[in-house]
Structures are given as C-alpha cells and as structure tokens.
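Trainee: Pasting the sequence and the predicted coordinates here, then a few questions.
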Amino acid sequence: MNAPFPNHELRPVAHRLASPEEAIQIAHELAQEFAVKASQRDSARRLPHDEMNRLSASGLLGAAVPGEYGGLGVSNAVLAEITAIISEADGSLGQIPQNHFYILEALRTDGSEEQRSFFFAEALAGRRFGNALSERGTKTVGHYNTRIARDGDGYRINGTKYYSTGVIFADWITVFALDDEERLVMAFVPKGADGVEIVDDWDGFGQRTTGSGTTRLNNVFVKAEAVVFHHRGFERPSTIGSVGQIIHAGVDLGLARAAFSEMLDFVRTKSRPWMDSGVDRASDDPLTIAKTGQIAIRLKAATVLVAHAGRKVDAAQANPNEENVVEASLAVAAAKVLTTEIAMEATNTLFELAGTSSVKANLNLDRHWRNARTHTLHDPVRWKYHVVGNYHLNGVIPPKNGAL
C-alpha cells in the first residue's frame, strides 16, 4: 500500500515482543518509570510525549497485531491487564492507547488484506493511531456531522471532532465520518496532512494529559485505500465493541488499584486512629480493616471478571458467530460495570480511610478520584445493566455498536 507517511519524527525501531509474559513484564517496568512523575504531570498538565515514545519503543502498541501479520496476537485478557498496569501508574497514559487498540480491531475485522498488512506493520513499528471520533452538538454520541465525500481517486473530509483522545501524540489520525450514503467509515490521515488542525484544548478536571483536544478537518484529502468501511463491523456479529470496552475496563481497574495502593500506604504511615477505636494505629482500627478487606475483595473480583471477559472475546474473535459475540459482549459489559464501580468506590475510600490530612493539595491524591470520575463517564454503566438484564429477562441480544 503506497500510503503517505510524511513529517513523522524519527524514533527507535519498536521492540518485538516474544511472549505474553514478556509483554506483562515490560508493562510493569514502564509503569515503574511512569509512576515517578505522574502526579507532577497531572498538576502541571504536562503532556507525556517522552513517555509515549517509551511506550511506542516497548513494542506494547503492537501486542494485539495477529500472528499472521508478524505480531504476538496476545489474548484480550493480557491486553486489558497491560492497560491496567500502565493505568495504575498513570491513568492518562493508560487511556491514550485505548483508541489505538480499538482501531486495530476494527482494521482486523473490516480492513482489506492490503490495509491490514500496511497498518499492522505500522503498529509493530510503534506508530500510534489517534482518535477523531466524538463530536459535540449531535443528537447522541452515536451521530456524526463530519462528512467524507468522493474526490477523484480519493476522498475529502470536513468536520470538527472533540475529545480526540491521544490525537496530539498520534502518527495516524483515524477519522470517523459519514459518506454520501450515510455509512460510517474510518479514514487514516497522516498527522501533518493539509487541512488538519489539532488544538490542545482538553480542560477536563480528570485524565488531564490524554491529549484529548479538538481536531478540525478542513477539506482534508485521503486516499481511497486508506478508508475502511467501518459500518460493516456492526452489520454482523463482531468483537469491535467488546475489544474497545475491555480496554476501558482495564483503565478503570488500574485507577482502582492505584487508589487502593495509596490508601494502604497512607493509613499505615500517616493516618491517626479514631478516638473511640481503642487502638494505637489507624491500621488496627477494626472498621478500617473491614473496609479495606471489602475493597480488596471487590478489586480481586473485578480483576478475575476482566480476565474472564477477555477469554470470551478471544473465543468470539476466533469464531465470531452470534452466540460467541453475545457472550463476549455480556461478559465485557459485566466487567465494565464492576471496574467502574470499584474505581469509584476505591477512590472515595482512599479519603474516607486516610482521613482529612489526605486532602492536602500538595499530595494531589485527588487525581485518582478525578481520573476515575472522568474516565467512567465514557459509557454509562446504567445501560450496561439494562443490556444484561434485557438479555436474561427478555432474550434481547445486545445492540451492535462500539459501546458493547
């Protein structure tokens, strides 16, 4: 595929992963590095360009590339755990590649052989795929005003995207737009292409360094061979949505782990016991101990459910019939519910058990709650309860979309 690739910074060739175990090990090593200045990055809203380059060089961005295209093709359970490990260190860094992996799955599902060969090789080289998906001012998040229209041997794209997670760090901007027949397509635009303007204007109180700015597309040209008919993935059973969602679950799981770890350290070393507890250390307070156990158990349950859901997605990818895809969607929906709830519970409990001194601004522990509250708003879990309940009660299969 003779696709454009101008203006990309030179980076070391990405490492080739040898095994899932190596991928997990590398994730842990990177997480140790990323955690050191995570709080400072959040406080100053310093975008993690160097850290993203380390992530690219590590080979983790190619972990999901199928074996037949030279990748490791790791289980979705492993992919979610890698995400959780990075997110525990820095929730923003964990979220940035979420769209990258969603795009790779959409490419695997509906890309041509030529497209898969080219763009999977890009992922293996450490190239990053950013998202130009969400828009404001539409009827729902599932509606789009951005348009793609035929122009000679290619297309022209016009529109504005908001919340473009990771686009600031992207080598390829993946634009989702409606064609002349109102069909959703996915177009790969090289960063730096004429007519693309990226604005660093994300001002959310959480996930502050995800690079989720505005992307403006003014008559942007894209070659026909760089356009994937994304709508096809939702006209039949597929795992596009469940792959995207299990990565989100991994982010929330990592955020919960981070808050739990901070709470343990604070209660052990800084908190005072309540005056009526009759103990000398906060860590000996029986109510604090019980609440800690409650969070630990729910964290373990969330971890196990995410791994279970990942294996269900693996099975559906191998054999994407309706039964397998429905099982995967339901399992991932359940995992997303549990990780959302434990992320919020763990970040609240951090302050409940650590006490008043934990809210000091210089500690910046509130970043854990801010990150969890912001990220868990992506896909409302009340609708996941509805989807699961409607299936069991009325036999209604989950809708086919990117949120399931």
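Mentor: Happy to help now that I have it.

Trainee: Leaving out chain neighbours, which residue sits closest to the spatially most central residue of the chain?
Mentor: Most central residue of the chain, judged by C-alpha distance to the mean C-alpha position with C-alpha atoms, centre = their mean, is Gln98 at 2.8 Å. Taking C-beta to C-beta, 6 or more residues apart in numbering as the measure, Gln98 lies nearest to Ile247, with 4.5 Å between them; neighbours along the chain are not counted. (C-beta placed from N, C-alpha, C; glycine too.)

Trainee: Give me the pLDDT value at the residue in the chain sticking out farthest from the centre.
Mentor: Most distant from the centre of the chain: Gly278, at 44.8 Å, with distances by C-alpha atoms, centre = their mean. Reading off the confidence values, Gly278 has pLDDT 94.

Trainee: how close does it get to Lys270?
Mentor: 20 Å (C-beta to C-beta, to the nearest Å).

Trainee: Tell me the secondary structure at Phe188.
Mentor: strand (DSSP: H, G, I helix; E, B strand; the rest coil).

Trainee: which one is it nearest to, not counting chain neighbours?
Mentor: In space, Phe188 is closest to Ala226, 4.3 Å off (C-beta to C-beta, 6+ apart).

Trainee: how many neighbours does the one you found have?
Mentor: Other residues within reach of Ala226, judged by other C-beta atoms under 10 Å, total 22.

Trainee: Asp180 too?
Mentor: A total of 10 residues lie near Asp180 under the criterion other C-beta under 10 Å.

Trainee: Let me see the contact set for it.
Mentor: Residues in contact with Asp180 (C-beta atoms under 8 Å, 6 or more residues apart in numbering) are Ala149, Arg150.

Trainee: which phi and psi does it have?
Mentor: Dihedral pair for Asp180: phi -60, psi -20, per degrees, to the nearest 10.

Trainee: ok, it to Arg150 distance?
Mentor: Looking at Asp180 against Arg150, where the rule is C-beta to C-beta, the gap reads 7 Å.

Trainee: and if you look at Val326?
Mentor: For Val326 relative to Arg150 (C-beta to C-beta), the value is 36 Å.

Trainee: Which residue of these two possesses the greater neighbour count?
Mentor: Each of Val326 and Arg150 had its neighbours counted (other C-beta under 10 Å), and the higher figure belongs to Val326 (18 against 11).

Trainee: any idea of the mean pLDDT for stretch 213-224?
Mentor: Average pLDDT, stretch 213-224: 97.

Trainee: ignore the last one, stretch 79-92
Mentor: Within the predicted structure, the mean pLDDT of stretch 79-92 is 98.

Trainee: In CSV, could you pull the C-alpha coordinates for that stretch?
Mentor: The C-alpha trace of stretch 79-92 is given here as CSV (Å, rounded to 0.1, in the frame of the first residue of the first chain):
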residue,chain,number,x,y,z
LEU,A,79,-4.2,-6.6,26.7
ALA,A,80,-6.6,-5.5,29.4
GLU,A,81,-4.1,-6.4,32.1
ILE,A,82,-1.3,-4.4,30.3
THR,A,83,-3.7,-1.5,30.2
ALA,A,84,-4.5,-1.8,33.9
ILE,A,85,-0.8,-1.9,34.8
ILE,A,86,0.0,1.3,32.9
SER,A,87,-3.2,2.9,34.2
GLU,A,88,-2.3,2.2,37.8
ALA,A,89,0.9,4.2,37.2
ASP,A,90,-0.8,7.0,35.3
GLY,A,91,-4.4,6.8,34.3
SER,A,92,-3.9,9.2,31.3
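
Trainee: Sticking with Tyr155, tell me its helix or strand.
Mentor: Element membership for Tyr155 (DSSP states H and E) is strand 154-164.

Trainee: Just the buried positions in stretch 43-52, please.
Mentor: Of the residues in stretch 43-52, Leu47, Pro48, Glu51, Met52 count as buried by neighbour count, 16 or more other C-beta atoms under 10 Å.

Trainee: burial of the nearest residue to Lys400 once chain neighbours are set aside, as a residue count?
Mentor: On the basis of C-beta to C-beta, 6+ apart, the spatially nearest residue to Lys400 that is not a chain neighbour turns out to be Phe234, at 4.3 Å. Summarising burial for Phe234: neighbours were counted as other C-beta under 10 Å, giving 17.

Trainee: My guess is Phe234 contacts Asn401. True?
Mentor: Yes. Between Phe234 and Asn401 there is a contact at 6.1 Å, judged by C-beta atoms under 8 Å.

Trainee: Now do the shared contacts for those two.
Mentor: Gly241.

Trainee: Okay, buried residues for stretch 261-277 please.
Mentor: Neighbour-count burial for stretch 261-277 flags Glu262, Met263, Leu264, Phe266, Val267, Ser271, Pro273 (criterion: 16+ other C-beta under 10 Å).

Trainee: what sits against the fifth one?
Mentor: Val267 sits next to Ala282, Ser283, Thr288, Thr292, Leu353, Ala354 when contact means C-beta under 8 Å, 6+ apart.

Trainee: go with 10 Å
Mentor: 273, 281-283, 285, 288-289, 291-292, 350, 353-355, 358 (C-beta atoms under 10 Å, 6 or more residues apart in numbering).

Trainee: Now whichever helix or strand Phe260 is part of: buried residues?
Mentor: Of the helices and strands defined by DSSP H and E, Phe260 is found in helix 240-269. Buried residues in helix 240-269, defined by neighbour count with 16+ other C-beta under 10 Å: 240-260, 262-264, 266-267.

Trainee: so where's this protein shaky on pLDDT?
Mentor: Judged against pLDDT under 70, the low-scoring parts of the chain cover residues 1-12.

Trainee: ok, which stretches of it are strands?
Mentor: Under the criterion DSSP state E, the chain carries strands at the ranges 129-132, 147-151, 154-164, 172-178, 184-190, 196-199, 213-223, 227-228.

Trainee: All the helices of the stretch 51-200 of the chain, in order from the start?
Mentor: 76-89, 91-95, 98-110, 113-124 (DSSP state H, counting those that start in this stretch).
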